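**Q** Fold the following and give me the result.
(chains A and B)
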There are 2 protein chains.
Amino acid sequence: MKLWDLRTPALVVEAAALRANLDTMSSALPGSRLRPHVKAHKCTTLAREQLAMGHPGLTCATVREAEGLAAAGVDADILVANETLDAARVGALVAAGHRVTLAIDSDATLGAARRGGVREVVIDVNVGLPRCGVAPDQAGRLADVARAAGLTVRGVMGYEGHATAISEPKQRSEVTAAAMALLAHAHGEVGGDIVSAGATANFDQNTVATEIQAGSYVFMDSYFGEFGLPFIQALFVLSTVLAVNTKAGYAVGDAGLKSFGMDHGNPNVAGGKTWFLSDEHITFAPEAPVEVGERVRVIPGHIDPTVAYHEMIHVVDGDEVVESWPVDLRGW
Amino acid sequence: MKLWDLRTPALVVEAAALRANLDTMSSALPGSRLRPHVKAHKCTTLAREQLAMGHPGLTCATVREAEGLAAAGVDADILVANETLDAARVGALVAAGHRVTLAIDSDATLGAARRGGVREVVIDVNVGLPRCGVAPDQAGRLADVARAAGLTVRGVMGYEGHATAISEPKQRSEVTAAAMALLAHAHGEVGGDIVSAGATANFDQNTVATEIQAGSYVFMDSYFGEFGLPFIQALFVLSTVLAVNTKAGYAVGDAGLKSFGMDHGNPNVAGGKTWFLSDEHITFAPEAPVEVGERVRVIPGHIDPTVAYHEMIHVVDGDEVVESWPVDLRGW
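**A** The predicted model follows:
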């Protein structure tokens, strides 16, 4: 299949750039130092490739992601790095022989895990982001309660999202360090082998975590593109030009609000300037003349919610579509 | 099934509010005066309900929507109200006996329609929104070329999206009127029975169009909620509270950036104030205390790209889930 044969809008990833990103991260964080986050790609095929590179574990954001991996027969040490009250679904995976560890951060989520048949947990610690996570000074107590309830506490996790959102490297590093000091303290109270944290943005700055939950590095986006990271923009949305208005200086492509996560703002057209998006269209000013029927590449502002709109990821090498992978871990 | 049994995040629509919205619009625009736009709900079951209310036609934004309706055996006069170069897919539906009319706005999209086996078209006219559409003074020429090529030209369409985005009613009405003057002029040159335009926002202001392409009225959202329209907020995302931080004054629900179209900004928590969203979480300040495990309702900022993230629409009456409809027209 050729690039030209793809229906648009289509998620397209450059094979060489993807390969380079996978290699760069695996070299920096070999083996269990990296627990790849599947939420960025929601793709079992790509998760298998990450495991094949020597990383024994995977991170999931949803129970559905863990269920999908298990249903596909993926053999990994899976961490569901968020709380859920629907823990019986995790327990069902455990009962079926899969190793799935669940984050807990309160008596309520602990109780749901226990009643749901979960056996292994990590204590999710609030390290500064106003989201889930027990207060650092309560982590030890929660671990004690969990162990008393018969759960195995494998360690701690703490997502420093307030640090990883900082584009300036030195400040990002400092806020990461402050957050990880809280996590290290909690780990001292909780015990266990796992200190799980981090992200693509600070993969080489977080030296406290035993494992980094990085996901976006595989694809990158225009937001992370400004962080000065050693990863290459690998993913685009391929769009067909539907209309050209030479007089007014714009063209229209067939990829809109239902093709892109918009929380980081408009996506960027390669070779053009984005004006605005409608549900199924992007209006942009092309730098050089374009024609109706031509294909343009659009760089998403935020990878994760972009991928979640699409059914397939097409891996391309020049004009050749070398593989097409289902985005099979969507939904909840 | 009870509301409580739903997995979250879940799209939930209030049965009575949906019924009221359908009735209000059908009373205002009976029969062929309304061509309901399926892009808002992407749901064959709901499209059938709209047809059952006496509207003979439907509007689609994508070829996939038309294919899905046809595959489900929906018998309607379908208008694909956007251009496509992939017109052979529309031609295949026509060859299979479905009535599908396609928008064209250039020699290139006309050629694609003709080569693809499309038989009926409308001339899409640019009435002021910088998007697709032929210049009004070129519409007659394009219709002549289309007829000479053997296509049936059913009339014109022109989407006044620059008018329907205006929240102030009087200004919205004036910009609508100016846009429709352009469309009426083009219609004079093109001929045909159809003058298709409009949206929920100006359903009672656009008196030039013979048919209004309204979609959002069925569900509404926080954006249209400020327009003073006679439709009720019917759709919510149901979310489970995962964490409560009383000291810091926030709670966290399990619905995030992958549950909401974000181009109109943050969704609004009923009974709370939204702080920010992460991929799978919403952090908000509750007005009254909430507990872990409680369900909260979140009102989307923009319906269309919100629905496109979800697999099912659950129709509820109080605590009862009375029906669950697949969102089966997603993708491209």
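**Q** now the helices: where do they sit in the stretch 1-150 of chain A?
**A** A:15-28, A:44-52, A:63-71, A:88-95, A:107-115, A:139-148 (DSSP state H, counting those that start in this stretch).
**Q** Between helix A:139-148 and the host helix or strand of A:Lys170, find me the angle.
**A** Using DSSP states H and E, A:Lys170 sits in helix A:169-190. In terms of direction (axes from the mean of the first three to the mean of the last three C-alpha atoms, to 10 degrees), helix A:169-190 departs from helix A:139-148 by 50 degrees.
**Q** Alpha carbons only: can I get stretch A:91-103 in CSV?
**A** Taking C-alpha atoms only, stretch A:91-103 is exported to CSV below (Å, rounded to 0.1, in the frame of the first residue of the first chain):
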residue,chain,number,x,y,z
GLY,A,91,-9.2,-8.5,39.9
ALA,A,92,-10.6,-10.6,37.1
LEU,A,93,-7.4,-10.1,35.1
VAL,A,94,-5.3,-11.2,38.1
ALA,A,95,-7.5,-14.2,38.6
ALA,A,96,-6.9,-15.1,35.0
GLY,A,97,-3.2,-15.2,35.6
HIS,A,98,-2.1,-11.8,34.5
ARG,A,99,0.2,-9.7,36.6
VAL,A,100,-1.6,-6.4,37.1
THR,A,101,-0.7,-4.0,39.9
LEU,A,102,-3.1,-1.2,40.8
ALA,A,103,-2.5,2.3,42.2
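**Q** contacts for that stretch?
**A** Contacts to stretch A:91-103, defined as C-beta atoms under 8 Å, 6 or more residues apart in numbering or on different chains, come from residues A:66-67, A:70, A:76-84, A:87, A:90, A:109, A:113, A:116-124, A:132, A:154, A:157. Just so you know, the C-beta spots here come from the backbone N, C-alpha and C atoms, and that holds for glycine as well.
**Q** now it: mean pLDDT?
**A** The pLDDT scores in stretch A:91-103 average 98.
**Q** Now that stretch: buried residues?
**A** Neighbour-count burial for stretch A:91-103, counted by 16 or more other C-beta atoms under 10 Å in any protein chain shown, picks out A:Gly91, A:Ala92, A:Leu93, A:Val94, A:His98, A:Arg99, A:Val100, A:Thr101, A:Leu102, A:Ala103.
**Q** Stretch A:115-123 now?
**A** Per 16+ other C-beta under 10 Å, stretch A:115-123 contains these buried residues: A:Gly116, A:Val118, A:Arg119, A:Glu120, A:Val121, A:Val122, A:Ile123.
**Q** Specify the angle between the lengthiest strand in chain A and helix B:107-115 in degrees.
**A** Using DSSP state E to define each element, chain A has its longest strand at strand A:235-245. Going by the same axes, to 10 degrees, strand A:235-245 is angled at 100 degrees with respect to helix B:107-115.
**Q** How far does strand A:235-245 sit from its chain's centre?
**A** Relative to its parent chain, strand A:235-245 has a centroid offset of 26 Å by C-alpha atoms, centre = their mean, to the nearest Å.
**Q** Whether the helix or strand that that strand is followed by contacts chain B - can you check?
**A** Using DSSP H and E, the helix or strand that follows strand A:235-245 in sequence is strand A:250-253. Yes. Against chain B, strand A:250-253 shows contacts by C-beta under 8 Å from any C-beta of the partner chain at A:Tyr250, A:Val252.
**Q** Now the element after strand A:250-253, going C-ward?
**A** The C-terminal neighbour of strand A:250-253 among helices and strands, as given by DSSP H and E, is strand A:268-269.
**Q** Briefly note if that following strand comes near chain B.
**A** No. Figure legend: strand A:268-269 not in contact with chain B (C-beta under 8 Å from any C-beta); closest approach 14.4 Å.
**Q** Pairing partners for that strand, with directions?
**A** The strands beside strand A:268-269 in its sheet (DSSP bridges) come out as strand A:295-299 (antiparallel).
**Q** List the contacts of the partner strand.
**A** With contact meaning C-beta under 8 Å, 6+ apart, strand A:295-299 is reached by A:3-4, A:8, A:12, A:221-222, A:225, A:233, A:236-241, A:251, A:253, A:255, A:259-260, A:267-272, A:282, A:284, A:286, A:290.
**Q** ok so, going back, pLDDT for the buried residues of stretch A:115-123 - can I get that in JSON lines?
**A** Formatted as JSON lines, these follow (pLDDT from 0 to 100):
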{"residue": "A:Gly116", "pLDDT": "98"}
{"residue": "A:Val118", "pLDDT": "98"}
{"residue": "A:Arg119", "pLDDT": "98"}
{"residue": "A:Glu120", "pLDDT": "98"}
{"residue": "A:Val121", "pLDDT": "98"}
{"residue": "A:Val122", "pLDDT": "98"}
{"residue": "A:Ile123", "pLDDT": "98"}
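**Q** near chain B too, which of these?
**A** Taking C-beta under 8 Å from any C-beta as the test, chain B is in contact with none of the buried residues of stretch A:115-123.
**Q** Just list the residues touching the closest residue to chain B within the stretch 101-250 of chain A, thanks.
**A** Per C-beta to the nearest C-beta, A:Ala108 is where the stretch 101-250 of chain A lies closest to chain B, at 3.8 Å. By C-beta under 8 Å, 6+ apart, the contact set of A:Ala108 is A:Leu85, B:Glu291, B:Val292, B:Gly293.
**Q** Would you check which pair of the residues you listed lies furthest apart?
**A** A:Leu85 and B:Glu291 (10.9 Å; C-beta to C-beta).
**Q** Those two: which has the busier surroundings?
**A** A:Leu85 (20 against 10; other C-beta atoms under 10 Å in any protein chain shown).
**Q** So what's the predicted local confidence for that one?
**A** 98.
**Q** Up against chain B, what does the stretch 1-150 of chain A have?
**A** So far as C-beta under 8 Å from any C-beta goes, the stretch 1-150 of chain A lies against chain B at A:7-10, A:39, A:61-62, A:82-86, A:105-106, A:108-109, A:112, A:126, A:130-133.
**Q** Could you tell me which of those residues belong to strands?
**A** The strands in this structure, assigned by DSSP E, contain A:Ala10 from those.
**Q** about what we covered before: tell me the strands beside the longest strand of chain A, with direction?
**A** Strand A:235-245 has these strand partners (DSSP bridges): strand A:10-14 (antiparallel), strand A:250-253 (antiparallel), strand A:295-299 (antiparallel).
**Q** Among the ones you listed, single out whichever gets nearest to A:Asp193.
**A** With respect to A:Asp193, and counting by C-beta to C-beta, the nearest of the strands paired with strand A:235-245 is strand A:10-14 at 33.7 Å.
**Q** Please save the CA atoms from that closest one in CSV.
**A** Presented in CSV, the C-alpha positions along strand A:10-14 are these (Å, rounded to 0.1, in the frame of the first residue of the first chain):
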residue,chain,number,x,y,z
ALA,A,10,-5.1,9.2,8.8
LEU,A,11,-2.6,8.9,11.6
VAL,A,12,0.8,8.3,10.0
VAL,A,13,4.0,7.6,11.8
GLU,A,14,7.5,7.7,10.2
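**Q** could you give the angle of the longest strand of chain A to helix A:15-28?
**A** Interaxial angle of strand A:235-245 relative to helix A:15-28 (the same axes, to 10 degrees): 150 degrees.
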